[in-house]
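In: Provided below are the primary sequence and the corresponding predicted coordinates.
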Amino acid sequence: MNIKTKLQLSFMMFLEFFIWGGWFVTLGTFLGNNLEATAGQSSMAFSTQSWGAIIAPFIIGLIADRYFNAERILGVLHLIGAFLMYQMYQSTDFTAFYPYVLGYMILYMPTLALVNSISFNQMKDPAKEFSNIRVFGTIGWIIAGLVISYLFVWDSPEALKAGMLKNTFLMAGIASAVLGLFSFTLPKTPPTVNKNEKVTISDMLGLDALKLLKDKNFLVFFISSVLICIPLAFYYQNANPFLAEIGLPNPTGKMAIGQISEALFILALPFFFTKFGFKKTILIGMLAWTVRYLLFAYGNADELSFMLIIGIALHGICYDFFFVSGQIYTDTKAGEKYKSAAQGLITLATYGVGMLIGFWIAGLITDSLTLEDGTHAWDSIWIYPAAFAAVVFILFALIFKNEKVEYKS
């Protein structure tokens, strides 16, 4: 790959995740402060990610893979996304806001697959080359958080009272417009499927991989993957509002520690696979979810703020040790025939079904523990996902039989 192409793909990845990290992390805080949304309404807004994940395979399978170049679809989706971001920026109540965020996520989630397709199409050895490009996405997410907290200070108590957090949508909208226009300069990535070739719903959703569920171990892993997304939803939906409400300075910037941790711990994954094996690595990831939420429950923004920072920093273990390990496990179980279908099925089950259930439960529990003055009993709220992750940990430890899984980078 020549240097020009590397720079193009790296900038594409940077903007792709700068956009997502630039508004999604602070969404819960924005909804509560600017739109006076309930936790139930916040769960509806966060659930648009899941609806987008469920609908994305249809957009990719019916349009992107069959009729148009991937870079052109990416450009169009982000230009429309820029308009929807501007509409969210202007929204003054949840009723007006929700249709725009739903429409945006339906359009944004397919772009995650598109940027991967564009990148893979330029690589001779994706296993070695892709991580060097994808890391710029993580950097983009980190920079977005730092910009919000330390450059513009939109998440400070004074700025929150002034409603300044809505500017995150304007920032993300501008970045979306830039990526939309830039996409038309990217290397050409033509359709991968003949438009006359029949593609079934089963193909698009990866349902052929359901045959893998006959394997008891894979079935246990599959169910555990869906269940662990319930505590994950609590983090996405509640972490930023929680940190902002209890008065932790620069909460969005500090949450970027989680992405730094994610980038570092993925480098440690081969060691853990070799040293402890797949089952113990997965269990470490599950246990980290319980520990994280207990730290959130008993920490505070004063002398125990270090507990909150450690909880955020555990994100690398929480995410990499379970989800990345799970992708590797799925790849080894599926084999060549069902490889793509199996990954698609896991994505649909976790970010689609699992997170959808998780956001709904998180909304119900958070609403039920909202106090009369509008604050929340956070110590009680965080106990629920901690306990749930602990139950999943115990069930997986007891039922899943250990088997050898080779790490594939």
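Out: Now that the structure is in, tell me what you want to look at.

In: list the helices and strands the longest helix seen in the chain packs on?
Out: When the chain is parsed with DSSP state H, its longest helix is helix 251-298. Counting contacts by 3 or more C-beta pairs under 8 Å, 6 or more residues apart in numbering; DSSP states H and E, helix 251-298 is packed against helix 126-146, helix 216-245, helix 305-313, helix 315-319, helix 325-347, helix 378-399. Where C-beta positions appear, they are placed from N, C-alpha and C, glycine not excepted.

In: could you redo the ones you listed as CSV and give each row distance to residue 17?
Out: Output for the helices and strands packed on helix 251-298, formatted as CSV (distance: least, C-beta to C-beta, whole Å):
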stretch, distance to residue 17
helix 126-146, 4
helix 216-245, 15
helix 305-313, 18
helix 315-319, 14
helix 325-347, 17
helix 378-399, 25
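
In: pick the most deeply packed of those.
Out: Among the helices and strands packed on helix 251-298, helix 315-319 has the highest mean neighbour count (mean count of other C-beta atoms under 10 Å), at a mean of 25.

In: ok, and what's touching that helix?
Out: With contact meaning C-beta atoms under 8 Å, 6 or more residues apart in numbering, helix 315-319 is reached by 232, 235, 257-266, 284-285, 288-289, 292.

In: one step back: quick one, the longest helix of the chain and helix 216-245 angle?
Out: Helix 251-298 and helix 216-245 are oriented at 110 degrees to each other (axes from the mean of the first three to the mean of the last three C-alpha atoms, to 10 degrees).

In: now the closest residue to residue 385 other than its chain neighbours: how far from residue 287?
Out: Excluding the flanking residues, the one nearest residue 385 by C-beta to C-beta, 6 or more residues apart in numbering is residue 231, at 3.5 Å. Plainly put, residue 231 is 12 Å away from residue 287 if you go by C-beta to C-beta, to the nearest Å.

In: if we can go back for a sec, ok, of the contacts of helix 315-319, which come out buried?
Out: Burial by neighbour count, judged by 16 or more other C-beta atoms under 10 Å, picks out 232, 235, 257-263, 265-266, 284-285, 288-289, 292 from the contacts of helix 315-319.

In: among the residues you listed, which one has the lowest pLDDT?
Out: Across the buried ones among the contacts of helix 315-319, the smallest pLDDT goes to residue 266, namely 86.

In: measure it to residue 3 for me?
Out: The value you get for residue 266 to residue 3, if C-beta to C-beta is used, is 25 Å.

In: now do the same contact list for residue 141.
Out: Residue 141 touches 17-18, 20-21, 256, 259, counting by C-beta under 8 Å, 6+ apart.

In: from residue 383, how far out is the closest residue to residue 329 other than its chain neighbours?
Out: Spatially, and ignoring its direct neighbours in sequence, residue 329 is nearest to residue 405 (5.4 Å; C-beta to C-beta, 6+ apart). For residue 405, the distance to residue 383 (C-beta to C-beta) stands at 33 Å.
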